[in-house]
Structure formats: structure tokens, C-alpha cells
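Peer 1: sequence plus the predicted model coming up.
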Amino acid sequence: TKRIAVLTSGGDAPGMNSAIRAITLSALRSGFQCFGFFHGYNGLINQEYTELSAISVTDITQLGGTILKSARCPAMLEPSGVLQAANALRKLHIDVLIVIGGDGSFRGMQALAAHWQGQLIGIPGTIDNDLSGCDNTIGFSTAINTATSAIDKIRDTANAFERVFITEVMGRHNGHIAYHVGIATGAEAIISFENCTVENTSQVLAHLKNAIEQQHQHGSFLIILAENLWPGGAQALKTELNSNADINCALCVLGHIQRGGAPSVEDRMLATELGVAAVEVINGSIKPNTDITTPIMVGKIHGVIVITKVEKVLNMDKPVSQEWVQRYQHYLAEQ
Ligand code: ADP
């Protein structure tokens, strides 16, 4: 009987528990044993794990976070750490390791593949939606819903005081969250990687000033700002609008609120489908093309399960579609 192990690594995302549940139940049904390592790759290195049963995954699908805990594991960046992890997998006779996480976690799989012969399967789990090989990552749907309902509340208070409001959203280095949330909330401006670079901030600032002056006669003016973009962050943008254009803004950095909460139905379904698909790859029900070798990722594109080499996933960017950016151009500060 095969021994399957699963871990959650890097930024946690709502829906990870649904994936753990699906993997465990499908693995048990296929006659496999299933283990969970705690705290990302740390649990592998320290051999901190538990055997997963149907009972261990009961009543978890509705919970945010991850019952296996997540963590960064700097040791994996050193060859000695990778060797320790590979040795642990050998010692525990693990045949397949499933990693639920983002691009960093997938790089960890690649490092492991050089020292361990077992099968490595990735499941895209991050709120940022920044992995290619899938339309959506697990957690993205919940995060944009959470951010949207938070910004709807900001709109109420911004309207009452007729304020200009900057809300910073997550997304790491792309604008999937910023664009979805900006459009969903009807924000007056979206400042994101697709329309703002370090080189054109003064231009963006000038356009923003114009837009605010023209549109802010009545009601509120909401600016959605992608994190890790504006030099000095949201506070710096607020200060610059104030000192360059005499515009006073209120400021809210949504932060980790976007990572928590009960997963949306969409995330629970996606996580369940991807968890089941990972086990179907292991039991042979899904047969990837022979040129797709370990480590692989299971994703969903246009409603279909797609298996992609992790190497390819990591080599391809997934920017917000330019078609989108063009279509909503009239929202943007750089107009
Ligand atoms: P995410 O998976 O959400 O992108 P991180 O980038 O923090 O999160 O990566 C999670 C973990 O994956 C890291 O703490 C480390 O243990 C492992 N990892 C990241 N990059 C590498 C790499 N180049 N080689 C080996 N392991 C890596």
C-alpha cells in the first residue's frame, strides 16, 4: 500500500483544509495510508507528523487556516536542509508528497526532487492567484470576497464624510486581488502593477490628482492600491497626495484579514476537486502525458483538471489579462 504525505507551506489560504480533507478521504478510499506533516517543510525536516484518518479531517472543510499549520522554512534554502527533508521521506517510506502552497513552496518541491525519487505533486494554494497552470488558486475567491465586503464598509463611512480613501490590498507582486476588488467595489481608481511602475509614479500621482479633483465633488473617492508597489507603501502615497496636491486621504491597509475566514464555496469546491485529482494521479485514474514528469501541479483551467510540470508553472508569469486592464482603463488613475 502506498504511503501518501501532505503538507501546507508558505502563506496560508482559506480552502487548504478542504484540500487536506479531500486528499485524505480519497487516499483512504484508494487503499493508501495518509500522513500530514506539520508546519510546512519544517515538519518534514523535524519529522513532526501525524497519520490522517477520516476522523482527523471531519469538520475542517469550513475552517480557514490549515489544520497542519503553515510556516516558512529557511532550512530548505540550504542543501543540507533539503537533504534532511529527503532523508526523512526515505526513512518514513513515503511514496508521494503533496505540497499545498505557493511558488516558494513549489521551489521547495523542485529542490527535493533532486534528492528524492518519490512522486511530488503540488496544489496551488495562495490568496494571490499568482501561479500559472490554473485559472484560480485556492484562497483567491475567499480573499477577494473578504476584501470586497471590507471595502463596501469603507465606502459607507467614506461616503458619509465625503472622503478620499486609500485601501491597500494584498497580492504579492501582481494585481489579481487589486483588480477584482477594485472592479467589484466600483472603486474610482486602481493602482496596481499593470498600470503603475516605479518609473511612472509621478505621472500616476498627477493623474490621480486630476481624477480626484474632477470626480470628488460629491461622495467618496476610493483608491485601491496593490501592496509592494508604491515606494514607501500606502502611507507614502497618502503623504504625497497631501504635500503635492493638498488632498487629504484616509487610509486602510487590509492586511491579514484577507487571508482568514471561512472559505467561500468556490474555494471549498476547487480545493476538493484538486485534492481528489492529486490522488487520482497517484492511483492512475488520471494519466499525465509522459513528458510531464515530477514534480507536477494539478490545476483547473476552463473547468478542466490540467496537469502541468512545476518547472513550467514557475517559469510562466500570470499577470492580470491586458484585455481586462484595457476594458477598465477608464477607472484608472493614469487615464
Ligand atoms: P509561498 O509558497 O506562499 O510562495 P514562500 O515563498 O515563503 O511561500 O515559500 C515557502 C517555503 O518554501 C519557504 O519557507 C521554503 O521553505 C520553501 N522554499 C521557497 N523557495 C525555495 C527554494 N528556492 N528552494 C527550496 N525551498 C524553497
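Peer 2: Sure, I can see it.
Peer 1: make it CA atoms for all contacts and neighbour counts henceforth
Peer 2: Will do.
Peer 1: assumed residue 14 was part of a strand.
Peer 2: No - Residue 14 is assigned coil when assessed by DSSP: H, G, I helix; E, B strand; the rest coil, not a strand.
Peer 1: correct me, but it touches residue 67?
Peer 2: No - using Cα atoms under 8 Å, residue 14 is not in contact with residue 67; the gap is 11.2 Å.
Peer 1: what about the two, which has more around it?
Peer 2: When residue 14 is set against residue 67 and neighbours are counted by other Cα atoms under 10 Å, the residue ahead is residue 14, at 32 against 18.
Peer 1: how near is the more buried one to the ligand?
Peer 2: Separation of residue 14 from the ligand (Cα to the nearest ligand atom, to the nearest Å) stands at 13 Å.
Peer 1: also residue 97?
Peer 2: The gap separating residue 97 from the ligand is 14 Å, by Cα to the nearest ligand atom.
Peer 1: which strand residues bridge that residue?
Peer 2: Counting by DSSP bridges, residue 97 forms beta bridges with residue 5, residue 120.
Peer 1: ok, the nearest residue to residue 218 once chain neighbours are set aside - contacts?
Peer 2: With Cα to Cα, 6 or more residues apart in numbering as the criterion, residue 218 has its nearest non-adjacent residue at 6.6 Å, and that residue is residue 162. Applying Cα atoms under 8 Å, 6 or more residues apart in numbering, we find residue 162 in contact with 218-221.
Peer 1: select only the buried ones of those residues in PyMOL?
Peer 2: The PyMOL command for the buried members of those (criterion: 16 or more other Cα atoms under 10 Å) is given here:
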select buried, resi 219+220+221
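Peer 1: tell me how far the residue nearest to residue 158 when sequence neighbours are not counted lies from residue 268.
Peer 2: Among residues not flanking residue 158 along the chain, residue 220 sits closest, at 5.4 Å (Cα to Cα, 6+ apart). Distance, residue 220 to residue 268, by Cα to Cα, to the nearest Å: 35 Å.
Peer 1: which parts of the stretch 51-200 of the chain sit against the ligand?
Peer 2: When proximity is defined as Cα under 6 Å from any ligand atom, the stretch 51-200 of the chain approaches the ligand at 72-74, 76-77, 101-105, 107-108, 111.
Peer 1: make it 8 Å
Peer 2: Residues of the stretch 51-200 of the chain lying close to the ligand by Cα under 8 Å from any ligand atom are 71-78, 82, 101-112, 125-126.
Peer 1: could you tell me which of those residues count as buried?
Peer 2: Applying 16+ other Cα under 10 Å to those flags 71, 73, 76, 82, 101-103, 105-112, 125-126 as buried.
Peer 1: just the ones in helices from those residues, please.
Peer 2: The members of these that map onto helices under DSSP state H are 82, 103, 105-112.
Peer 1: now the two most distant members of those.
Peer 2: By the measure Cα to Cα, 82 and 103 form the most distant pair in these, at 16.6 Å.
Peer 1: circling back: min pLDDT across the contacts of residue 162, which one?
Peer 2: Least confident entry in the contacts of residue 162, by pLDDT: residue 218, with 72.
Peer 1: phi and psi next, for that residue.
Peer 2: phi -130, psi 150 (degrees, to the nearest 10).
Peer 1: quick one: contacts for the residue lying closest to residue 57 once chain neighbours are set aside?
Peer 2: Nearest residue to residue 57 in three dimensions, chain neighbours excluded: residue 21, at 5.2 Å (Cα to Cα, 6+ apart). Counting by Cα under 8 Å, 6+ apart, residue 21 makes contact with 57-58, 60-61, 272, 275.
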